[in-house]
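Chemist: sequence-free structure coming up:
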Ligand code: ADP
């Protein structure tokens, strides 16, 4: 289930992502010129003394811009890392090992209390390490700033079929917990913070279908809590082990699926993806054609666009099913574009139907369809 807040958030991120991506590419061209020319100048032995020193300083600053632009692009492209089966404890231990020495050298304690249960999920190990490192780095900065108790404790647990990671520090706490995931929000001095670390963290967690919260602890200090859905069963495990282009074939669906989509290219794409899973598909471009079909027969799943032309929208279709074929209501999955309006959001929230955002990757699509079937099976 995708709650509406997550939908809103992913819409916000999608448009911000496009903006950041465009801006970063625009900056990269002149930046390449700046850095390239500086490199050429600095190779010359004729440049020496204070001029060389100043140019080297410019070069250092230019490299800071490069790192910043790279981070912007990471925010923009949230779902680029290759997915495999990841041992969450391994990723966490690696991140902790990278900072353990710095913590000790600064007189700070970094404790890892890992659950004895193995926690494995489908994801990208490097991205997960980056998530953990960003939180560790912030806690290190906060604890150095002034600590009630100079300790960062990292705990893991299994909670309702989800992997949970909790970071609790004894530092000064978050000045504004609601803002920490905002892009460019930083309380660090100029040159030290970019305010992008936690927004990247948030984006990566979301792309792993996880959740992250930030709050202050009653006893003082900050708490970051992360939830990740775990890999369940062997089908998911083998799915993760396959190269992405082969993944759809790995999910075998002996189901009849109705797809309602007015964009011919997107309808065709969905039918191709579903066809490769073994499902039998029927595609129609309007809500009224879907209604006509549903009057005659059942489907195991109905995947519908929210905005449909010709008088019967996805919402109308849903209401029709509710009235005339209520047993199929749980079998509706919506696909919606970036431009979902407030009323669409309100409808989706009320409907409780699963929803997938456009643009979607093949992997996203198969995963959501598979989750829909898993939920139906466990409810049966
Ligand atoms: P940056 O580290 O560049 O400032 P982040 O997005 O990583 O950017 O963090 C945003 C802000 O969140 C920090 O500037 C800080 O104010 C706050 N923050 C994050 N973690 C902690 C923490 N453990 N304790 C106190 N404040 C924190």
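Modeler: In hand now; what should we look at? None of the values given here were measured: they were computed from a predicted structure. Residues are numbered from 1 along each chain as shown.
Chemist: helices and strands around the helix or strand residue 93 falls within, which ones?
Modeler: Using DSSP states H and E, residue 93 sits in helix 88-105. Packed against helix 88-105 by the contact rule (3 or more CB pairs under 8 Å, 6 or more residues apart in numbering; DSSP states H and E) you find strand 109-113, helix 125-145, strand 149-159, strand 162-170. Heads up, the C-betas are built off the backbone N, CA and C, glycines and all.
Chemist: Select, out of these, the one closest to the ligand.
Modeler: helix 125-145 (3.2 Å; CB to the nearest ligand atom).
Chemist: That closest one packs against which elements?
Modeler: Partner elements for helix 125-145 (3+ CB pairs under 8 Å, 6+ apart): strand 84-87, helix 88-105, strand 149-159, strand 162-170, helix 197-207, strand 222-229.
Chemist: what separates the last one from the chain centre, distance-wise?
Modeler: Think strand 222-229. 14 Å (CA atoms, centre = their mean, to the nearest Å).
Chemist: Over to the fourth one?
Modeler: Remark: strand 162-170 is offset 18 Å from the chain centroid, using CA atoms, centre = their mean.
Chemist: where in the stretch 251-380 of the chain is pLDDT low?
Modeler: The stretch 251-380 of the chain contains residues with pLDDT under 70 at 251-253, 337-342, 358-361.
Chemist: where along it do the helices fall?
Modeler: 264-276, 287-296, 314-324, 342-351, 362-379 (DSSP state H, counting those that start in this stretch).
Chemist: how about these, which one is nearest residue 56?
Modeler: Closest approach to residue 56 among these (CB to CB): helix 362-379, 44.7 Å.
Chemist: Return the set of buried residues in the closest one.
Modeler: 362, 363, 364, 365, 366, 367, 368, 369, 370, 371, 372, 373 (16 or more other CB atoms under 10 Å).
Chemist: Tell me the residues of this structure that contact the ligand?
Modeler: 134, 138-139, 142, 169, 171, 173-175, 180, 185-188, 193-199, 222 (CB under 6 Å from any ligand atom).
Chemist: quick one: contacts of the helix holding residue 93?
Modeler: With contact meaning CB atoms under 8 Å, 6 or more residues apart in numbering, helix 88-105 is reached by 109-110, 112, 114-115, 118-121, 125, 128-129, 132-133, 136-137, 140, 152, 154, 156, 163, 165, 228.
Chemist: centre of the chain versus that helix, how much separation?
Modeler: On CA atoms, centre = their mean, the centre of helix 88-105 falls 23 Å from that of its chain.
Chemist: List the buried residues for that helix?
Modeler: Buried residues in helix 88-105, defined by neighbour count with 16+ other CB under 10 Å: 88, 89, 91, 92, 93, 95, 96, 99, 103.
Chemist: now, among those residues, which is nearest to residue 343?
Modeler: Nearest member of these to residue 343, counting by CB to CB, is residue 88, at 39.0 Å.
Chemist: pLDDT wise, what is that closest one at?
Modeler: Confidence at residue 88, expressed as pLDDT, is 95.
Chemist: gap between it and the ligand?
Modeler: As defined by CB to the nearest ligand atom, to the nearest Å, residue 88 lies at a distance of 20 Å from the ligand.
Chemist: same question, residue 289
Modeler: In terms of CB to the nearest ligand atom, residue 289 sits 48 Å off from the ligand.
Chemist: One more: residue 146?
Modeler: With distances taken as CB to the nearest ligand atom, residue 146 is found 10 Å from the ligand.
Chemist: check contacts around that residue.
Modeler: 171, 172.
Chemist: now do residue 324
Modeler: If a contact means CB under 8 Å, 6+ apart, then residue 324 has 294, 295 as its contacts.
Chemist: For the ligand, see how far away it is.
Modeler: 50 Å.
Chemist: again, but for residue 290
Modeler: Per CB to the nearest ligand atom, residue 290 is found 45 Å from the ligand.
Chemist: Might one say that that residue is in contact with residue 305?
Modeler: No - contact criterion CB atoms under 8 Å: residue 290 and residue 305 do not qualify, at 10.3 Å.
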